[in-house]
Structure formats: C-alpha cells, structure tokens
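J.: Predicted model and sequence follow; I will ask about them next.
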Number of protein chains: 2
Amino acid sequence: MEDVAAAAGVSRSLVSLVFQDSPKVSEASRSRVLAEAERLGYRPNVLARQLASNRTRTFGILLAALHTPYFADVLAAFEAAAEAAGYRALLANGRREGERESEALRTFIDHRVDGVILASPRISDSVLTSMSKIAPLVCVERRVDLPRIDVVMHDERIGAQLVVDHLIDLGHRDIVHIDGGTGAGAAARRDWFMQAMRDAGLAASMRVIGGEFTEEAGREAAEQLVRGALPTAIFCANDAVAAGVAAVLQREGISIPGDVSLVGYDDTMLAKLDLLSLTSVRQPLAEMAKASVELINRRIDKPRRGADIVDIAPTLVTRRSTAAPRS
Amino acid sequence: MEDVAAAAGVSRSLVSLVFQDSPKVSEASRSRVLAEAERLGYRPNVLARQLASNRTRTFGILLAALHTPYFADVLAAFEAAAEAAGYRALLANGRREGERESEALRTFIDHRVDGVILASPRISDSVLTSMSKIAPLVCVERRVDLPRIDVVMHDERIGAQLVVDHLIDLGHRDIVHIDGGTGAGAAARRDWFMQAMRDAGLAASMRVIGGEFTEEAGREAAEQLVRGALPTAIFCANDAVAAGVAAVLQREGISIPGDVSLVGYDDTMLAKLDLLSLTSVRQPLAEMAKASVELINRRIDKPRRGADIVDIAPTLVTRRSTAAPRS
DNA sequence: CGTGTGAATTGGAGCGCTCCAATAGCATGC
DNA sequence: GCATGCTATTGGAGCGCTCCAATTCACACG
C-alpha cells in the first residue's frame, strides 16, 4: 500500500479510500492509484482491512448436516444470497449434534463474522441467547422465541394444506402421513396435516405413522402399510422418506401412482429424479435466504430491535407420483 | 488481552503464549491466565492473530458446482479433513464457469488462506500457475501438469477395470459405456473402459455412447439403446447418468438387473437409494481429502518442491443393479 | 559466593489496513 | 481582499494480536 501510494504520489490514506470506493476521491487520483496498484500487483489484505474496520463482510452458515440433499440445497441457496449481498460464507457442519453446533458458533464469533445463519439448529436456547448478544443470529426452519433472534420459516400450515387439497382434488380420501418423528419441523407438519384432514371432514380416514427424516424410516413405514390396509395416498415427511416408500412399493409390485399416490416434501433433487418424479412441497429457499440476509443487515443497523419472524409460503410441485386413486 | 494480563498479573506476551499453547509457559501462569480469561469472557481475536502471525489456518475449498450429489460428498469429505487437520474451510462455488472460479481463487488469496483445494476446476493453466506462486494449490480430479501444483486423483484405470471385471465375471460380454462427454475425467474413464474391454478380448462387442454427466444425458442414451440393440450391461459415466437410464428402462418395462445390468460411478447418495441400489465405483474421497491436506502442509513447509501426483485406488461397491445377463 | 544455564517472562516493534480530525486547495460571494 | 464553504487530501493513532531479542529468575555447580 505504501509503495502504491509512493508510486502514485499520494498518501496511504488516499489509496485506502480508493480501494473503499469512496466517492470523495477525485477521478484523477482514483485512476492514477488504480493504475499503479495494477502495475505493482497490489491487492488489499482482507485480514488487515477486517481488523481495522471491525467489519468482515462474512457470514457463518451453520448446517445441521451436510450430506443430505436438502441441506445441499439450503447451502447453495444461502451461499448465493450471501454472495449477492456482498458477503463471504464461512461454512460449518453441525453433524446433527448440538454440541458441535455450539462450538461452530463460537468459532464463527471468534472470526468476527457479521452474522450467522443457522439452518435447523439444535443448539440450546441458552447458547443462542448468549451468542445473540455478540453477533446477529438468524434461525432458519426453527421457531425459537428469543429476544433478539430473527426467524425465517416456511409456512408448514400452507405446505400441509397444499398436499391435502391436491390429494382431495384428485379424489383421495384415504391418506396416510409418515411423519418425521423428532426432526425439525416434523411435529408441525404432522399437526397441520391432521388439521387439514379434519377441516376436510376426513378425520375418520386419516392416519399417521411415526417415522424419521430418512429413507430407512420410509421403508419401515411402507412395509407396515403393505402388510396392512394400503391407503390410496401417502404423504411423506420428506423426499427421502418418500424414496424409501417408493422402493418398497416397487418391490411389492405396487404401482405409483396407479395404486398409490406418493407425496414428498422439500422438492430436493430426489423428487426431481425421473425415476421417482415425486410430487413434493417446495420450500422457497432462495427467498428464505434473501430474507435471512436482509434480517441480518437490518439487525446490524439496529441491534436492539425486537425479533422478527418471517414466514414464507411454500408451493406444491406436482409430478407423476400423484394421480386419481385406484378404483 | 490487556485486561486478562493485568488481572493475572502477567504481561500481554505471556497471555499470548498461553493461548498459543506454548510449552514454555509454567503451569502456574497458564492456569492463572486461563482462569482470568474465562472469568472475563476473553477469547482471542482470530483476525488479529491471523494478521500478526501471517498464518490463517484456513483452506479455500473451490467446488466446480454445489448442487450435485457428487460435489456434496466432495465438500463433506474435504471439510472434514481440513477440520481434522485443524483448519477452517472457506467455501466457494465455481458454478461450472472458469471465470467465476478464477475470481473465487483470487478472493481466497486475498483472504490469505494457507492453501486452496480445487475440486475438478476449469481454471486456465495460466491463472493456476500465477496463483500457485502465492499459495499452495492442490487440484483434485484434474490432472494438471504444472511446476508447483500437486494433484490428487483417483485412478480411473482401476475404476474402469473393476467395472469391466465385475461384469465379465457375471457373464456379460455385450457392454455399453455412456460417457461423460467433456466433463472432468470423462475421457479417461471412457478410454480405460475401452482398454479394459480390449484386454478382455471384447473389442468387437464394446460400444460407447456420447453423453454428459447428467440424468438427462442418461435418459437420451437409454432411449437410443432401447430403440436399437439393447446390451446386457450398461456402464454409466456417473450415478446421475445411471439414474436417467434406470428411469427409461423402468418406463419401458425393462428390468434391472433381470434384463440389463447397470453400473454407475462415484457411489453417491443416488447409488445408495434402495430404489436404484446401484453398483457403483466409489472414489475414496476421505483418503483423497486427507492426501490433499497433507500435500498442502508439505508445500507450506517446502514451497519449491516438485509437483506431486497422488493416485488413489477406487473400489467397487456392488449392489442389486448388477447380475448375470438375461439368457 | 560468584557464575553459568536453562526456563520463564517481558517490552516493544510490527502486521496492513481504517478512520478521524486536521489541513490544503480552490472557487464563490460580497 | 477576505471570510465562507466546499471538496480532496493527509498524518497519525489504533485495531488486537505475534514474535524477537532481551531480561529476569531460580537453581545447581565448582
């Protein structure tokens, strides 16, 4: 920086201003500095800049897991949104353990990130509260109710309603839900499913099977269904569960959607597979990511504002796995 | 830091040493400092530390894409290896464009990362060369031949050989390969397939169909095969291609593996799906990641050493998609 | 009791930038 | 001609640490 300043015949401060895109630099100085910097191969040291300015323009993105299609989509969406807003992403993988997540959160804060995005975190409220005093935190897909922590959710009620409406429109009455057990959002998904069924006057024929957010769980539930009374439609807690169900049905010679309609959730890569072509509820991840970044920006400006909670409406993507019930 | 030093009755330097885990701090001072730090809630500022020490303990991980199952696995493996070696991961998504990748590489260097891991990069050799003078670079799954750039590959020859041997053992002779077109590693995969077939005396019956690393390409190739002479086994450039093939075969009522055996590549989540249960070549990503980190560490110690190229042997994971040919 | 030794500790310069208050330069208006 | 109000520039302190050389300390030795 010193060298560039000398070469351009200006002060170090001016060079700094040029690289900050400051409007109060004259056109002449700007181009001269830029030219010399280019010539000397100078690039500002981001670290020094961050230290001096106390701003890193970096987000921490904490994922509950990394290896599932859903979180891959989440990561892609949030990384893109951060970048669009001029931020870098520091990544951490919680590996489904609250303990690891807390540690990752600490590390983010040690790195002085400007904000942290927590995707379906399991961290305890007390850790969240104490961290929220240090850096803006946004929880995605977990409805925490804490003073200064903003929340971005997709609307589970709408999701369940879309599924039930779609299936009823097709003529289904006998619908089973395989739930996500203790997974994030599973309870709400199940409850809203039941509510929607009741509202449709189908309380009698609705069934729920306990599961988990895994293919394995889908297989187990399907085996149970195959041995008992097969419904005409199955609404799965997520796409992985649906994939498990599909595998068992295929093995049993039960056609989708000929014999049973199948619905997933999250609209991941799995649902898009031609092999499955799964009707699925799509979380608007891009919008959720954008909203999260905005919330962080807002909280950087005004750290003491009340917690916001943003609900974004999902949509239903219909594919070949749903059709009219067997006669 | 000042405060901790004062509270513990020592100098700032000593506090620094304690937080560097220096062995030359007496047990007494260490515990006193640690206790005071804890009490005051002090944690070292990573940024300042990085600036002063000129070491960030951070890797940049540049992925050619983010949304495919393969790269999700790659990311998970490399992030884990970096962490195991005490590094943080800075992530960038190349989105399949060389231009974006160069930019991301620049950004990594601006952040003074200790090394960069490039997964299947498309960056030009000239950019690679100039960057390699600034930070250690490791190319994964791209065989560059440049002075100071280490390379980690899985051995394509072994991969193709495993597949061909497996299929021949099962009794197949009429084997088609759907290739990955211009994708990373596609040419080698195809060539070694042809070589293995020739070595097995099957030069006459071997066929190759041009494709791409996508489900779509798999579908197109399968449609072509279905309309013409169906082989007894299909070796796909990767799992996504195999998924496309499987979809078409299923639609046509062609059984896997009853009528046609199917083999994928990369052993991604897709291959593990019960619905597909795809025999697939597994790249030993964990080992590749470990090797990459070691190479970077070695190059940090000795920047001017010659380029290493590490080949790691893949394995074949057999699942239900392969069996003896139809009679 | 002075001295040598190794371990523990310290002071201070420096990492490469930002940011503030101060200054310079220059047209404007009366 | 001089105060006024700009905009464009500058010097220097400071961000929170590390690292080196220098110093202190404790203890054993002849």
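T.: Perfect, thanks for sending it. Numbering: from 1, shown residues only, chains lettered A, B, ... in the order given.
J.: Confirm that A:Ala89 sits in a strand.
T.: Yes. When the secondary structure is assigned by DSSP: H, G, I helix; E, B strand; the rest coil, A:Ala89 falls within a strand.
J.: Which residues of the stretch 201-327 of chain A lie near chain B?
T.: Where the stretch 201-327 of chain A comes near chain B, counting by CB under 8 Å from any CB of the partner chain, the residues are A:215, A:219, A:243-244, A:246-248, A:250, A:269-270, A:273-276. In this view, the C-beta of every residue, glycine as well, is placed from N, C-alpha and C.
J.: ranges for the strands of chain A?
T.: Read by DSSP state E, chain A holds these strands, from start to end of the chain: A:58-63, A:88-93, A:115-119, A:137-140, A:150-154, A:175-178, A:207-209, A:233-236, A:261-265, A:279-282, A:309-312, A:315-317.
J.: The last one packs against which elements?
T.: Other elements packing on strand A:315-317 under the criterion 3 or more CB pairs under 8 Å, 6 or more residues apart in numbering or on different chains; DSSP states H and E are helix A:156-170, strand A:279-282.
J.: now, of the ones you listed, which is deepest in the fold?
T.: Mean neighbours per residue, mean count of other CB atoms under 10 Å in any protein chain shown, is largest over the helices and strands packed on strand A:315-317 for strand A:279-282, with a mean of 26.
J.: just checking, what packs against that strand?
T.: Contact here means 3+ CB pairs under 8 Å, 6+ apart; on that basis strand A:279-282 packs against helix A:156-170, strand A:261-265, strand A:315-317.
J.: what residues are up against A:Arg12?
T.: Residues in contact with A:Arg12, defined by CB atoms under 8 Å, 6 or more residues apart in numbering or on different chains, are A:1-2, A:5.
J.: from those, which is closest to DNA strand D?
T.: Set against DNA strand D, the nearest of those by CB to the nearest atom of the strand is A:Ala5 (7.2 Å).
J.: In this structure that closest one contacts A:Val15, no?
T.: Yes. Taking CB atoms under 8 Å as the definition, A:Ala5 is a contact partner of A:Val15 at 4.8 Å.
J.: Give the intersection of the neighbour lists for the two.
T.: A:Val33.
J.: more crowded one of the two?
T.: The residue with the greater number of neighbours, taking A:Ala5 and A:Val15 and applying other CB atoms under 10 Å in any protein chain shown, is A:Val15; the counts read 26 against 20.
J.: quick one: the residue nearest to A:Tyr42 when sequence neighbours are not counted from DNA strand C, how far?
T.: Computed as CB to CB, 6 or more residues apart in numbering or on different chains, the closest residue to A:Tyr42 that is not its neighbour in sequence is A:Val4, at 4.9 Å. Taken as CB to the nearest atom of the strand, to the nearest Å, the spacing of A:Val4 relative to DNA strand C amounts to 8 Å.
J.: dump the residue contacts of A:Val4.
T.: Residues touching A:Val4, when contacts are defined by CB under 8 Å, 6+ apart, comprise A:15, A:33, A:36-37, A:40, A:42.
J.: Pipe these into a markdown table and attach pLDDT and distance to A:Ser102 per row.
T.: Formatted as a markdown table, those follow (pLDDT from 0 to 100; distance: CB to CB, whole Å):
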| residue | pLDDT | distance to A:Ser102 |
| --- | --- | --- |
| A:Val15 | 94 | 41 |
| A:Val33 | 93 | 45 |
| A:Glu36 | 92 | 47 |
| A:Ala37 | 93 | 42 |
| A:Leu40 | 93 | 45 |
| A:Tyr42 | 93 | 40 |
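J.: Run a quick neighbour tally on A:Ile254.
T.: For A:Ile254, the number of neighbouring residues by other CB under 10 Å comes to 18.
J.: Is it in contact with A:Ser261, as I believe?
T.: No. With contact defined as CB under 8 Å, A:Ile254 does not count as touching A:Ser261 (11.3 Å).
J.: For A:Ser205, grab phi and psi.
T.: A:Ser205 has phi and psi values of phi -90, psi 0 when expressed as degrees, to the nearest 10.
J.: so who does it touch?
T.: A:173-175, A:197.
J.: all helices for chain A, in order.
T.: Using DSSP state H, the helices of chain A run over A:2-8, A:12-19, A:27-40, A:46-53, A:69-84, A:98-110, A:125-132, A:156-170, A:186-199, A:215-227, A:239-251, A:269-272, A:285-301.
J.: from the residues of the stretch 201-327 of chain A next to chain B, which is closest to B:Leu128?
T.: A:Met269 (30.6 Å; CB to CB).
J.: thought A:Glu212 was touching A:Gly183?
T.: Yes. Look at A:Glu212 against A:Gly183 with CB under 8 Å: they come within range, at 6.5 Å.
J.: And those two? Which one has more around it.
T.: A count of neighbours by other CB under 10 Å puts A:Glu212 above the other of A:Glu212 and A:Gly183, at 22 against 19.
J.: and that one, how far is that from B:Ala187?
T.: 42 Å (CB to CB, to the nearest Å).
J.: go on, A:Arg95?
T.: Computed as CB to CB, the A:Arg95 to B:Ala187 distance reads 36 Å.
J.: ok, now A:Glu79?
T.: According to CB to CB, A:Glu79 stands 30 Å off from B:Ala187.
J.: The two - which one has more neighbours?
T.: A:Glu79 (22 against 14).
J.: which residues do A:Glu212 and A:Gly183 both contact?
T.: Both A:Glu212 and A:Gly183 are in contact with A:Ala237, where contact means CB under 8 Å, 6+ apart.
J.: I'd like the average pLDDT over stretch A:315-327.
T.: For stretch A:315-327, the per-residue pLDDT values average out at 96.
J.: in that stretch, what's buried?
T.: With burial defined by 16 or more other CB atoms under 10 Å in any protein chain shown, the residues of stretch A:315-327 counted as buried are A:316, A:318-319, A:321-323, A:325.
J.: For those, work out which two are farthest apart.
T.: Taking CB to CB, the two most distant members of the buried residues of stretch A:315-327 are A:Leu316 and A:Pro325; they sit 17.9 Å apart.
J.: Please tell me how far the residue positioned nearest the centre of chain A sits from chain B.
T.: Among the residues of chain A, the one closest to the centroid is A:Val74, at 4.0 Å (CA atoms, centre = their mean). Plainly put, A:Val74 is 11 Å away from chain B if you go by CB to the nearest CB, to the nearest Å.
J.: Who are the contact partners of that residue?
T.: Taking CB under 8 Å, 6+ apart as the definition of contact, the neighbours of A:Val74 are A:63, A:119, A:140, A:285.
J.: likewise A:Thr279?
T.: Contact analysis of A:Thr279 by CB under 8 Å, 6+ apart lists A:166, A:261-264, A:271, A:316-322.
J.: Report the beta-bridge partner residues of it.
T.: Beta bridges link A:Thr279 to A:Val263 when assigned by DSSP bridges.
J.: again, but for A:Leu90
T.: Here A:Leu90 shows beta-bridge partners A:Gly60, B:Leu90, assigned using DSSP bridges.
J.: Can you verify my assumption that it contacts A:Asp114?
T.: No. Applying CB under 8 Å as the test, A:Leu90 and A:Asp114 come out as separate, 10.5 Å apart.
J.: ok, so what distance separates A:Val25 from A:Val10?
T.: In terms of CB to CB, A:Val25 sits 9 Å off from A:Val10.
J.: repeat for A:Ala221
T.: With CB to CB as the criterion, A:Ala221 and A:Val10 are 71 Å apart.
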